[in-house]
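Novice: A predicted structure for the sequence below; I have some questions about it.
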Amino acid sequence: FFFFFFFSSCRVLGRFSFLMLSALRLGLSRGRVAFRPYHTLPPQVQAFVDNAMALCTPDKLQVCTGSQEEYDTLMMGLMKQGVVKKLNENLRPNSYLGLTDPADVARAEKDTFICSKEERDAGPTNNWVQPDKKKEEMKDLFQGCMQGRTMYVVPFSMGPIGSPFSKIGIQVTDSAYVVANMRIMTRMGTAALDQLNSESHFVPCMHSVGQPIIPGQENTPNGKLARSTWPCNIPKRNVCHFPETEEIWSFGSGYGGNSLLGKKCFALRIASIQARNEGWLAEHMLILGITNPSGKKRYVAAAFPSACGKTNLAMMLPKLPGWKIETVGDDIAWMRPGADGRLYAINPEYGFFGVAPGTSQHTNPNAMASCASNSLFTNVGYTDSGDVYWEGMDDIPNEPLTDWKGRKHWLPTLVPTFKGPGSGVDGKGYKIDEKSNPCAQANSRFTAPISQCPCLDSEWENPQGVPIDAIIFGGRRNDTLPLVFETENWQHGTFAGAVMRSQATSAADQVGLVNDPMAMKPFCGYNIKDYFRHWLAVGKTTPHMPKVFQVNWFRKDAAGKFIWPGFGENIRVLKWIFERCEDPHATNNVRDTPIGRVPSANALDTTGLSLTHDEVENLLHVDRDLWRRELQDIRSFFHSLEPKHHVHDEPSLPAELWDELRKISLRLK
């Protein structure tokens, strides 16, 4: 008994000494920066942090407040480490550039897991591992992973502070770059922490870059020489979600969605589970307000796969006089049924994490204004004068450029083109090869405060959300899908979202034409068939659901050229959608097709466009032969989702979706 008591006391004293030493180190290192005292944390947060510290053994602990002074100190430290560069204060005020390891540039779906207790709950589109087994694997990876580093405790709110829609998360991380991004992307710091009392629930988020600093091996992950100053451990990358306990564990990556755990991990994968349990929808959707020349305003939510123009649509500068678009959010929507039987949506985020290549004053001037200052840039090129550059931004600067891999004096690779005069950058039949030798990585990003968006909607932080009148699904298709069509009802709209396909995106490791239901395939935290069933159930219990449409800006002609001009001209399609919401029973502006209603002749406003009548007809044409092949592919996709013999009690695809498939098949005949 004596020896048991003695050694137990030593363990307790040792734990206490570790915490005191961490607090002492924090106190000695903090200078004049005001950090949140550890002892002021709610008890359940203290318990989470205690366990994380015991596992990861960091040298220091810092509870983040979200202050400007704290942010400046973090960025100064990152500059000293060579992780970021400060951009020219006159050209890009209070902004920084980070260049990642070349292997750490995108989400990694093969390393992303849903660790539900039952395999049936993860479903056929997720990677499943038994939770107890995966938790032990993750604990082994996290053991001592923060040696030589600071553990940052990052409290954050997804959604407006105090909103009944909002959820609180606590992320621990050893990456100051992650903390800096989280400060822009979420409502981070003291205000979020103050929402918790001693009994409040929060989502615990564990993150580490997986590269401890060992004396003599300062830049080596597990003893192997790192390729850059960017810390990561890609061979051991794991992004794990535990639905029953609502935990997130991410190891080995410092990039975007793998490390900013409030974004895809929480706001979509975990939130989709919370939404199913609580009767709402967590969706990969933008939210915008659209006002007609008479001053009538409606709100639209729209789902597009990453890098398919979602941000451009959310911040559109309309080309039609008198019409106005205002931004509520560009990526994620949480939608709940209201007391009046309508869906109300909030944007749970606080910033933009936009794809840089292709963003310019021509394609998205509001995005360019949003990232003009107080922003972080990741994996773009930079000029000698201290500004950023990426493909499609504007003309190539007339000064030396360094590319995202740090190669100085970057020059574009020119390839011959035979598409006629004026198509080459030098006017002599050459164009820039943006794929083989890019200045910016294809999935490079800007992180910018949403408050800097010139077209920000006045209701964007309404704690009750905004009422949604229409939902739009879209993707990148060269053919088959018309420019726009309206579905018959909520069930038909659910089917249209469930069978979405799009060309692969640079935001993840994909190729070819990808099935991406509702743009949620990589982000649904539970069985996709139960997710479809949940959509149908919400529609049955909510009397005034939004109308559902599908769009395709990317249809090409026989010569492989985009037919529709896109960008600000997309207001013409939104105008038709607006009119359909105003008078859903009108018959003079629609034409029935086997897949839904398309605009009738002259119903689509093409005033001022150089489109011929035949080109407009091509855009709206529903080719029956192509759609018969499409239905074959849809049928194959549905069969791929059906139960597997080795999975116990797995649900079938909702019968309503098979019914919609049969209806379209009959109409095509």
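Specialist: Great, that's in hand.
Novice: Touching, Arg36 and Val63? I think so.
Specialist: Yes - between Arg36 and Val63 there is a contact under Cβ atoms under 8 Å: 3.9 Å. (Each C-beta comes from the backbone N, C-alpha and C, glycine too.)
Novice: between the two, which one's more packed in?
Specialist: Shown here are Arg36 and Val63; by other Cβ atoms under 10 Å, Val63 has more neighbours (23 against 19).
Novice: what is that one paired to in the beta sheet?
Specialist: In this entry, Val63 is beta-bridged to Val153, by DSSP bridges.
Novice: So for stretch 430-444, what gets flagged as buried?
Specialist: 430-432, 434, 438-444 (16 or more other Cβ atoms under 10 Å).
Novice: what would those residues look like in a markdown table with pLDDT?
Specialist: Formatted as a markdown table, those follow (pLDDT from 0 to 100):
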| residue | pLDDT |
| --- | --- |
| Tyr430 | 74 |
| Lys431 | 76 |
| Ile432 | 77 |
| Glu434 | 78 |
| Pro438 | 95 |
| Cys439 | 96 |
| Ala440 | 97 |
| Gln441 | 96 |
| Ala442 | 92 |
| Asn443 | 93 |
| Ser444 | 96 |
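Novice: which among those residues gets closest to Asp111?
Specialist: Asp111 lies nearest to Asn443 out of the buried residues of stretch 430-444, by Cβ to Cβ, at 15.9 Å.
Novice: Could you name the helices and strands sitting against the helix or strand hosting Tyr344?
Specialist: For Tyr344, the enclosing helix or strand under DSSP states H and E is strand 343-346. Counting contacts by 3 or more Cβ pairs under 8 Å, 6 or more residues apart in numbering; DSSP states H and E, strand 343-346 packs against strand 333-337, strand 466-467.
Novice: And for Glu246, the neighbour number?
Specialist: Counted with other Cβ under 10 Å, residues neighbouring Glu246 total 20.
Novice: can you tell me which residues contact it?
Specialist: Residues in contact with Glu246 (Cβ atoms under 8 Å, 6 or more residues apart in numbering) are 201, 203-204, 270, 273-274.
Novice: Same question for Asn292.
Specialist: 322-323, 575, 578.
Novice: next one: Asp104
Specialist: Asp104 makes contacts with 230, 232, 234, 253-255, 258, as judged by Cβ under 8 Å, 6+ apart.
Novice: Please tabulate the buried residues of stretch 430-444 in a markdown table, including the columns distance to Lys134 and secondary structure.
Specialist: Converted to a markdown table, the buried residues of stretch 430-444 look like this (distance: Cβ to Cβ, whole Å; DSSP: H, G, I helix; E, B strand; the rest coil):
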| residue | distance to Lys134 | secondary structure |
| --- | --- | --- |
| Tyr430 | 51 | strand |
| Lys431 | 47 | strand |
| Ile432 | 44 | strand |
| Glu434 | 39 | coil |
| Pro438 | 36 | coil |
| Cys439 | 39 | coil |
| Ala440 | 35 | coil |
| Gln441 | 30 | coil |
| Ala442 | 31 | coil |
| Asn443 | 27 | coil |
| Ser444 | 31 | coil |
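Novice: of the contacts of Asp104, closest to Phe165?
Specialist: Distance to Phe165 across these (Cβ to Cβ) is lowest for Asn258, with 25.6 Å.
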